[in-house]
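S.K.: Have a look at this prediction, sequence included:
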Amino acid sequence: MAASAWPAIAAVRPASRLVYAVDWSRGRYEEIAAGLLPAAQAVVHRASPRAGERVLDVGCGTGNGALLAAERGASVVGIDPAQRLLNVARARAQASGLEVKFIVGDAAALPIGDGVADLVISVFGVIFAPDASAAIGEMARVTDTQGRIVFCAWLPGGPISEVMRLRSDAITAATGKPAGRPPFAWHDPDVLRGVFSSFEFSVSLCEHTLAFEAQSPHEFIDSELRHHPAWIEARALLEPRDELRPLRDRAVEILEEANEAEGAFRVSSSYVIATALRSAASRSR
């Protein structure tokens, strides 16, 4: 079943007025996303999309999850607020001979009708939605009564998390205001169950690990500074203030201390895959 089998996608929902904390069109996030492919594979394996199922990839970015689901014969739609990333995803789909529909939208106002998705997935996408409760409500709204939601979220702690916190603290110090909204605990089973239960979903989690690799910690951070949208925005803010180099040097120190490889660079980060299923009472209605 092709992506065109979806009913009335365009203009089903009004455009969102939310402003994203990070402009994901900046830089070359596709260079970062390539390293996240193993997590996409784990999410899609867990979700197990079947041929003909309607799969929605929320915050699809460059299409890692969407393309893997399409390879299994699912009818896939990918949604992301960054048009440039959608262009990359569309080119990847065409190069692979896969039919996937990619449309601009955000997690708090999905341009999809009620209950039309058999499966909703998100690979480190929806977790960046500024309004987590609204995003969860939207995923629940578009999921069929027999459907399921599967997404992954980083666990706090570890060197990569510490470096991200260091970057956020530097931005906060430079601007005098927090870098984005207070984080939602997408990794916390109690928090997730509390929110999803209001939409009659049960939630289960399983833990996984993803390795980040490069020739050296220096190369890893420099690649982030060149390609990652959040680092590019930090660079634009901090470099004129002569505050970027101290941040970079401290980040390299953190990664050097945590390096798991000899003669190269490797650090591991833990994440969870959450699976949300409709309750039996909800499915029977």
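M.R.: Done, it's in.
S.K.: least trustworthy helix or strand in the protein by mean pLDDT?
M.R.: Of all regular secondary-structure elements in the chain, judged by mean pLDDT, DSSP states H and E, the least confident is helix 280-284 with a mean of 55.
S.K.: tell me the secondary structure for Gly27?
M.R.: The local conformation at Gly27, judged by DSSP: H, G, I helix; E, B strand; the rest coil, is coil.
S.K.: tell me the contacts of it?
M.R.: Gly27 makes contact with Arg226, His227, His228, Pro229, Trp231, Ile232, according to Cβ atoms under 8 Å, 6 or more residues apart in numbering. For the C-beta atoms, the positions are set from N, CA and C on the backbone; glycine is no exception.
S.K.: Tally up the residues packed near Leu155, please.
M.R.: The number of residues packed near Leu155 is 16, by other Cβ atoms under 10 Å.
S.K.: Which pLDDT value goes with the closest residue to it other than its chain neighbours?
M.R.: Nearest non-adjacent residue to Leu155, counting by Cβ to Cβ, 6 or more residues apart in numbering: Ser270, 4.3 Å away. pLDDT recorded at Ser270 is 96.
S.K.: number of nearby residues for Ser270?
M.R.: Neighbour count for Ser270, taken as other Cβ under 10 Å: 16.
S.K.: That one touches Phe212, doesn't it?
M.R.: No. The criterion here is Cβ atoms under 8 Å, and Ser270 misses it with Phe212 at 12.0 Å.
S.K.: so what strands line up beside the helix or strand hosting Glu207?
M.R.: Taking DSSP states H and E as the definition, Glu207 sits inside strand 201-214. Using DSSP bridges, the strands paired with strand 201-214 are strand 265-278 (antiparallel).
S.K.: Which stretches in the protein count as helices?
M.R.: Ranges of helices within the chain are 29-33, 37-47, 64-71, 83-95, 132-142, 159-175, 189-197, 217-227, 229-238, 244-258, 280-284, based on DSSP state H.
S.K.: So which bits of the second one are buried?
M.R.: For helix 37-47, burial by neighbour count (16 or more other Cβ atoms under 10 Å) applies to Leu37, Ala39, Ala40, Ala42, Val43, Val44, Arg46, Ala47.
S.K.: and which of the residues you listed is nearest Gly61?
M.R.: Distance to Gly61 across the buried residues of helix 37-47 (Cβ to Cβ) is lowest for Ala40, with 9.5 Å.
S.K.: out of everything not next to it in sequence, what's closest to that closest one?
M.R.: Leaving aside its chain neighbours, Ala40 sits nearest to Asn64 (3.6 Å; criterion: Cβ to Cβ, 6+ apart).
S.K.: Give me the neighbour count for that neighbour.
M.R.: Taking other Cβ under 10 Å as the neighbour definition, Asn64 ends up with a count of 27.
S.K.: ok now do it, which residues does it touch?
M.R.: Asn64 is in contact with Ala33, Leu36, Leu37, Ala40, Val123, counting by Cβ under 8 Å, 6+ apart.
S.K.: And the pLDDT at it?
M.R.: pLDDT recorded at Asn64 is 98.
S.K.: where does the stretch 101-250 of the chain dip in pLDDT?
M.R.: Judged by pLDDT under 70, the stretch 101-250 of the chain has its weakly predicted residues at 178-182.
S.K.: and if we set it to 90?
M.R.: Low-confidence segments of the stretch 101-250 of the chain, defined by pLDDT under 90: 130, 168-183, 233.
S.K.: which ones are touching Thr62?
M.R.: With contacts taken as Cβ under 8 Å, 6+ apart, Thr62 has the following neighbours: Tyr29, Glu30, Ala33, Leu85, Val88, Ala89, Arg92.
S.K.: For it, give its distance to Ala34.
M.R.: In this structure, Thr62 lies at 8 Å from Ala34, with Cβ to Cβ, to the nearest Å as the measure.
S.K.: Without its sequence neighbours, what residue ends up closest to Glu31?
M.R.: Closest residue in space to Glu31, ignoring its immediate chain neighbours: His227 at 4.2 Å, by Cβ to Cβ, 6+ apart.
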